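Chemist: any chance you could fold what I've pasted below:
(one chain, ligands or ions: 1)
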Amino acid sequence: MSGGDHVHPAATRQGKARVGILISGAGSNMAAIIEAAKATDYPADVALVISNNPEAPGLALARAAAVEALAIDHRPFGKDRHAHELAIDSALRTHGVEVVVLAGYMRILTAHLVRAWEGRMLNIHPSLLPKYPGLDTHARAIAAGDAEAGCTVHLVTEGVDEGPVLGQARVPVEAGDTPETLSARVRVAEHRLYPEALAAFIRQRKTAPV
Ligand code: GRF
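Modeler: Numbering: from 1, shown residues only. Just a heads-up that it's a prediction; the model follows:
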């Protein structure tokens, strides 16, 4: 499957990649990308936001920014994660999405969706990967006595938090930090890193399509 399979006519006209963002909660990274995409020279438009959680505050944030936002609740699908992902995949394709951005999407994807978007799906993780994949990254960095922490934007592969790194941002761990204070410092770095790494990825992809 080539990257050109999902080029929407509008994207071709404007020369901007159509991005779909998957969220589950606050959506602060999503909001940072929507904000960055307002710049005329930003290489992407946010075509669609999808949340598996209908109560996610990020849905209202997206709509307030005039971005289409859908809740595709996982609960009616029960244990059938594949069927839930097919509904997500279908919405992404209907909206002409070319690049998928995971931004606090709190469900582990099945290999089906990962393979369908291979090379075109990004995630942000709140640690300096390969350190601390998985949960509780800030508590683990503090417990290890690390001098610095940070965040990583990477391509999504079947291994959780394992894909090729596209960018990292570092922050100091300060004396007396709690997971909450460190998380707040890292989050500020995330909001700078994610829009930049996404833009760089899309610009690079135009010259060397996957
Ligand atoms: C961020 O810490 C991100 O690194 C992780 O989930 C959190 C999402 O926060 N993957 P938000 O919903 O973008 O505010």
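Chemist: list phi and psi for the residue in the chain that the ligand sits nearest to.
Modeler: Nearest residue of the chain to the ligand: Gly104, at 2.6 Å (C-beta to the nearest ligand atom). C-beta here means a position set from N, CA and C on the backbone, and glycine is covered the same way. Backbone dihedrals for Gly104, given as degrees, to the nearest 10, come out at phi 70, psi 30.
Chemist: the longest helix seen in the chain packs against which elements?
Modeler: Taking DSSP state H as the criterion, the chain has its longest helix at helix 179-207. Helix 179-207 sits against strand 17-23, helix 28-36, strand 44-51, strand 99-102, strand 121-125, helix 137-143, strand 148-155, strand 165-172, with contacts defined as 3 or more C-beta pairs under 8 Å, 6 or more residues apart in numbering; DSSP states H and E.
Chemist: tell me, how many residues neighbour the residue of the chain closest to the ligand?
Modeler: By other C-beta atoms under 10 Å, 21 other residues sit near Gly104.
Chemist: ok, Ala141 next?
Modeler: By other C-beta under 10 Å, 24 other residues sit near Ala141.
Chemist: so it makes contact with Glu174?
Modeler: No: taking contacts as C-beta atoms under 8 Å, Ala141 lies outside contact range of Glu174: 11.7 Å.
Chemist: any shared contact partners between these two?
Modeler: Leu182 (C-beta atoms under 8 Å, 6 or more residues apart in numbering).
Chemist: still on that earlier bit, give me the buried positions along the longest helix of the chain.
Modeler: 182-183, 185-187, 189-191, 193-199, 201-202, 205 (16 or more other C-beta atoms under 10 Å).
Chemist: by mean pLDDT, point me to the weakest helix or strand of this protein.
Modeler: Lowest by mean pLDDT, DSSP states H and E among the helices and strands of the chain is helix 9-14, with a mean of 50.
Chemist: so what's Phe201 up against?
Modeler: Counting by C-beta under 8 Å, 6+ apart, Phe201 touches 99, 122, 166.
Chemist: 6 Å instead?
Modeler: Neighbouring residues of Phe201 by C-beta atoms under 6 Å, 6 or more residues apart in numbering: Leu166.
Chemist: can you check Met30 too?
Modeler: 21, 23, 58, 103.
Chemist: re earlier: how about the helices and strands packed on helix 179-207 in TSV, adding distance to Ser90 and mean pLDDT?
Modeler: Formatted as TSV, the helices and strands packed on helix 179-207 follow (distance: least, C-beta to C-beta, whole Å; pLDDT from 0 to 100):
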stretch	distance to Ser90	mean pLDDT
strand 17-23	12	98
helix 28-36	21	98
strand 44-51	11	98
strand 99-102	13	98
strand 121-125	16	98
helix 137-143	32	98
strand 148-155	22	98
strand 165-172	27	98
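Chemist: what is the burial count for Ala69?
Modeler: Neighbour count of Ala69, defined by other C-beta under 10 Å: 22.
Chemist: would you list the phi and psi of it?
Modeler: According to degrees, to the nearest 10, Ala69 has phi -140, psi 130.
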